[in-house]
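Trainee: Give the three-dimensional model of this entry:
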Amino acid sequence: MFLWVDEAHYFCVDQDAAFQTTARSKGISTVRLTQNLPNFLDAYGPNGKHKVDTLVGNHTTKIFHRNNDPTTNEWASKMIAKDTQYRHSISNTGSIHQPIGNQSQTAVQELEEEVCPPKEFMGLRNGGRRNSYIVEGILFQSGRLWKGDQRWIVRKFKQT
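Mentor: Residues are numbered from 1 along each chain as shown. Down below sits the predicted model:
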């Protein structure tokens with residue numbers, strides 16, 4: 001069984017999340033399409049954020065195309081994950097006019113940074129003649145690692 005819902009935010013009902021939790025075990029593949037996350041937030045109303053989080057969280061494969069909506073891009077970036085990055089720095093004490101006694105210090109700073117920053121979504125190709133009818137999407141699957149232990153990958157799709 002296959003359920004394909006374009007402009008899915010127009011067809012939201014409160015039971016969607018409950019349905020999605022059991023769909024896979026029943027052999028149902030579900031695809032929900034929308035331009036951005038705020039469309040779902042709007043559909044479920046001012047107190048519906050938890051419903052959106054539950055619904056979207058139950059879709060293990062997500063494809064994000066070019067998007068300039070900060071809410072969607074920041075959510076996707078956080079969902080894909082963060083990694084620990086190490087930043088090295090060198091500082092000098094003393095004066096360049098007094099080379100004797102200059103001391104250098106090195107430091108390493110540990111930072112948590114998004115592995116797929118929000119800006120990645122804004123630069124994807126969106127098809128048409130200008131892009132040789134190629135659309136790009138960032139593909140994420142919960143629990144899957146791509147080449148080099150990367151949590152996401154850019155895939156190309158031909159427009160037809």
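Trainee: other SSEs contacting the longest helix along the chain?
Mentor: Scanning the chain for the longest helix, with DSSP state H as the assignment, gives helix 70-80. On a contact count with 3 or more C-beta pairs under 8 Å, 6 or more residues apart in numbering; DSSP states H and E, helix 70-80 meets helix 37-44, strand 61-65, strand 98-114, strand 134-141. In this view, the C-beta of every residue, glycine as well, is placed from N, C-alpha and C.
Trainee: That helix vs helix 37-44, what angle?
Mentor: Using axes from the mean of the first three to the mean of the last three C-alpha atoms, to 10 degrees, the inter-axis angle of helix 70-80 relative to helix 37-44 is 100 degrees.
Trainee: what sits up against helix 70-80?
Mentor: Here helix 70-80 makes contact (C-beta atoms under 8 Å, 6 or more residues apart in numbering) with 36-38, 41, 62, 64, 67, 114-122, 138, 140, 151-152.
Trainee: Any quick PyMOL command for the buried ones out of the residues you listed?
Mentor: In PyMOL, a selection of the buried entries from these looks like this (16 or more other C-beta atoms under 10 Å):
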select buried, resi 36+37+38+41+62+64+67+114+116+118+120+121+138+140+151+152
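Trainee: Give me the most central residue, this protein.
Mentor: The geometric centre of the chain, computed from its C-alpha atoms, lies nearest to A76 (C-alpha atoms, centre = their mean), at 2.6 Å.
Trainee: Could you report the separation of T61 from D53?
Mentor: Noted for T61: a distance of 17 Å to D53, by C-beta to C-beta, to the nearest Å.
Trainee: Neighbour count: the two, which is higher?
Mentor: Set T61 next to D53 and count neighbours by other C-beta atoms under 10 Å: D53 wins out with 15 against 11.
Trainee: Just want the angle from the helix or strand containing the more buried one to helix 37-44.
Mentor: Element membership for D53 (DSSP states H and E) is helix 49-57. Orientation of helix 49-57 against helix 37-44 (the same axes, to 10 degrees) gives an angle of 130 degrees.
Trainee: so helix 49-57 versus strand 61-65, what angle?
Mentor: Counting by the same axes, to 10 degrees, helix 49-57 lies at 100 degrees to strand 61-65.
Trainee: So which of the helices and strands packed on helix 70-80 is nearest R24?
Mentor: strand 61-65 (10.8 Å; C-beta to C-beta).
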